[in-house]
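Colleague: Give me a model of this one.
(one chain, ligands or ions: 1)
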Amino acid sequence: MPAPAIVSDVGKVLIDFDFSIAARRLVEKCDHQAETVMSLFDDIKGPYEVGEISDDEFVRMGTERTGFRGTAEEFAAIWCEIFTPNQPMWDSLAAVAGKVPMFLLSNTNELHKTYFLREFEVFGHFQDGVYSHRAGCAKPGERIFRQTIERLDLDPARTFYIDDLEPNIVTAASLGFQAFHYSFAKHAAFEAELAVWMAAQGIG
Ligand SMILES: [Mg+2]
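Modeller: This is a model prediction of the structure:
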């Protein structure tokens, strides 16, 4: 019988992100406007996040499309340096770390995943994760949630799932997860709900 667990999304839950930071840095070395340059990634970001495009291809395509005049390493750094901590969530999870296993479920790509796991201490609380680019599928589809249940040996009814996007919450809830629709503004409500869930699972 699987034990209780917490599964968390990454972006806008554990860390915030702001692609306009990348946009402003990109346009320092190309002939586009900061307001529109990120739209050049619209049709490659999705395929990159489900592993259809490799890191090298993504960097090459992104460099070509934008006409970026820096190195591949500079491009990759600009792509990654968009994240900032969500300190209230880090504090909440530090308080329950070690009492209940914690896992990640993220629509992401290899450059971002490698970067955030390395840079941010909160990820030290997580035992494992399922990532879209490795799974070959993405939220809000059911497939990646089913892979997550199987791979991490979860009982959805005993799993507290946190995500900021409504469609992901809908899928998670339909599969029986105890799903919490998170936003930075709702952190106090999150803490209260997590405490109720912990108590219901008999975790002190
Ligand atoms: Mg998110």
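
Colleague: going forward, measure contacts between C-alpha atoms and count neighbours the same way
Modeller: Will do.

Colleague: May I ask which helix or strand encompasses residue 61?
Modeller: helix 55-66 (DSSP states H and E).

Colleague: need the contact list for the residue in the chain that the ion sits nearest to.
Modeller: For the chain, the residue closest to the ion is residue 11, as judged by Cα to the ion, at 3.9 Å. Contact analysis of residue 11 by Cα atoms under 8 Å, 6 or more residues apart in numbering lists 17, 106.

Colleague: and with 10 Å instead?
Modeller: 17, 18, 83, 84, 85, 86, 106, 107, 108, 163, 164, 165 (Cα atoms under 10 Å, 6 or more residues apart in numbering).

Colleague: And stretch 157-165, how far out from the chain middle?
Modeller: Distance, stretch centre to chain centre, for stretch 157-165: 13 Å (Cα atoms, centre = their mean, to the nearest Å).

Colleague: buried ones in stretch 84-96?
Modeller: By 16 or more other Cα atoms under 10 Å, the buried positions in stretch 84-96 come out as 85, 86, 89, 90, 92, 93, 96.

Colleague: show me the residues around residue 72 that make contact.
Modeller: Counted by Cα under 10 Å, 6+ apart, residue 72 has contacts 56, 59, 60, 62, 63, 78.

Colleague: right, and out of those, which lies closest to residue 7?
Modeller: Residue 7 has its nearest neighbour among those in residue 78, at 28.4 Å by Cα to Cα.

Colleague: give me the element that closest one is part of.
Modeller: With DSSP H and E as criterion, residue 78 is part of helix 72-80.

Colleague: can you tell me the average pLDDT over that helix?
Modeller: Here helix 72-80 scores 98 as its mean pLDDT.

Colleague: switch to numbering from 497
Modeller: Sure, I'll start numbering at 497, so the last one becomes helix 568-576.

Colleague: Just the buried residues of it, please?
Modeller: Buried residues in helix 568-576 (16+ other Cα under 10 Å): 571, 572, 574, 575, 576.

Colleague: wait, residue 532 sits on residue 518?
Modeller: No - contact criterion Cα atoms under 10 Å: residue 532 and residue 518 do not qualify, at 11.7 Å.

Colleague: Give me the more crowded residue out of these two.
Modeller: residue 518 (19 against 11; other Cα atoms under 10 Å).

Colleague: Please identify which helix or strand holds the more buried one.
Modeller: With DSSP H and E as criterion, residue 518 is part of helix 515-522.

Colleague: any residues touching that helix, and which ones?
Modeller: Counting by Cα under 10 Å, 6+ apart, 528-535, 559, 562-566, 570-571, 573-579 sit against helix 515-522.

Colleague: Following that helix in sequence, what is the next regular element?
Modeller: helix 538-545.

Colleague: Which elements pack onto that following helix?
Modeller: helix 551-562, helix 606-615, helix 628-631 (3 or more Cα pairs under 10 Å, 6 or more residues apart in numbering; DSSP states H and E).

Colleague: can the ones you listed go into JSON lines with extra columns for mean neighbour count and mean pLDDT?
Modeller: Output for these, formatted as JSON lines (neighbours: other Cα atoms under 10 Å; pLDDT from 0 to 100):
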{"stretch": "helix 551-562", "mean neighbour count": "16", "mean pLDDT": "97"}
{"stretch": "helix 606-615", "mean neighbour count": "15", "mean pLDDT": "98"}
{"stretch": "helix 628-631", "mean neighbour count": "19", "mean pLDDT": "98"}
